[in-house]
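Visitor: Provided below are the primary sequence and the corresponding predicted coordinates.
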Amino acid sequence: MEKYIAFLRGINISGKNKISMPSLAAAFEDMGFLNVSTYINSGNVLFSSECSRTDELCHGCKSMICERFLLDIPVAVIAVPELSEAVHSAPSWWDSPSEIEVIHQAIFPIAPVCLDEIFQAVGEAKPEYEQVGSYKNVIFWSAPRATLSRTRWYKIASSSVNSKVTIRNASTVKKLLSLFNA
């Protein structure tokens, strides 16, 4: 049985796309998933499944959310070993301590978009303000809070791929991994 994390994009933000986490967990259990739990209110679902195809899991979760909650919510699913490998292979600057406040984020593509499309749409990082790297299907981004408005990747929200990615901060990603390894 494989362990997975589903990242739901854009739920419970500013009173929009509201889904209670207990109801979401129950819906995942009703799909036959095991060891279901949620973390914080932003749509992070941990679960186990016999299915080994993340594309099928994404489609099933998205369809269930549409039917059960009447919401069209994009979903990215990643296997826990794959996410763990990505985090361990992240660039050394990602999530490293700093004397200044730095934002560290992981960007997850929502199929069928691929990393190349995201990099093309957002463009080259501005190295004087930000750092961007990737490992397999995860993009790592870091920038000082004081200069966020000068970065290119902070503006991903206004890019053509905004609706094709979901973003989590480094603390959330590491916490999710620790919850499955506890």
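Guide: Thanks, I have it.
Visitor: Just the CA coordinates for stretch 97-105, please, in CSV.
Guide: Listed next in CSV are the C-alpha coordinates belonging to stretch 97-105 (Å, rounded to 0.1, in the frame of the first residue of the first chain):
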residue,chain,number,x,y,z
PRO,A,97,18.4,29.4,8.0
SER,A,98,19.1,33.0,7.3
GLU,A,99,19.8,36.2,9.1
ILE,A,100,17.0,37.9,7.1
GLU,A,101,13.4,36.6,6.7
VAL,A,102,13.3,34.3,3.7
ILE,A,103,10.2,32.7,2.2
HIS,A,104,10.7,29.1,1.1
GLN,A,105,8.0,27.4,-1.0
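Visitor: which residues in the chain form strands?
Guide: Per DSSP state E, the chain carries strands over the ranges 2-8, 34-39, 44-49, 75-79, 102-109, 131-135, 138-144, 165-169.
Visitor: hmm, who's touching the helix of greatest length in the chain?
Guide: In the chain, with assignment by DSSP state H, the single longest helix is helix 54-69. Helix 54-69 has contacts (Cβ atoms under 8 Å, 6 or more residues apart in numbering) with 4, 6, 8, 19, 23, 27-28, 30-31, 45, 49, 51, 71-79, 110-111. For every residue, glycine as well, the C-beta is placed using N, CA and C.
Visitor: again with stretch 103-110
Guide: Residues external to stretch 103-110 that are found in contact with it (Cβ under 8 Å, 6+ apart): 7, 9, 58, 74-76, 78, 86-87, 94-95, 115, 117-118, 137-145, 148, 156, 163-170, 173.
Visitor: Now a PyMOL select for only the buried ones of those.
Guide: Command for PyMOL, covering only those of the contacts of stretch 103-110 found buried under the criterion 16 or more other Cβ atoms under 10 Å:
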select buried, resi 7+9+58+74+75+76+78+86+87+94+95+118+137+138+139+140+141+142+143+156+164+165+166+167+168+170+173
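Visitor: Got the domain ranges for the protein?
Guide: As assigned by automatic domain parsing, the chain contains the domains 2-79, 84-181.
Visitor: before we move on, back to that, tell me which of the strands of the chain lies nearest to R152.
Guide: strand 131-135 (8.5 Å; Cβ to Cβ).
Visitor: Who are the packing partners of that closest one?
Guide: Secondary-structure packing of strand 131-135 (3 or more Cβ pairs under 8 Å, 6 or more residues apart in numbering; DSSP states H and E): strand 138-144.
Visitor: Reformat the domains of the chain as TSV; add mean pLDDT.
Guide: Formatted as TSV, the domains of the chain follow (pLDDT from 0 to 100):
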stretch	mean pLDDT
domain 2-79	94
domain 84-181	94
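Visitor: ok, now how distant is G10 from S37?
Guide: For G10, the distance to S37 (Cβ to Cβ, to the nearest Å) stands at 21 Å.
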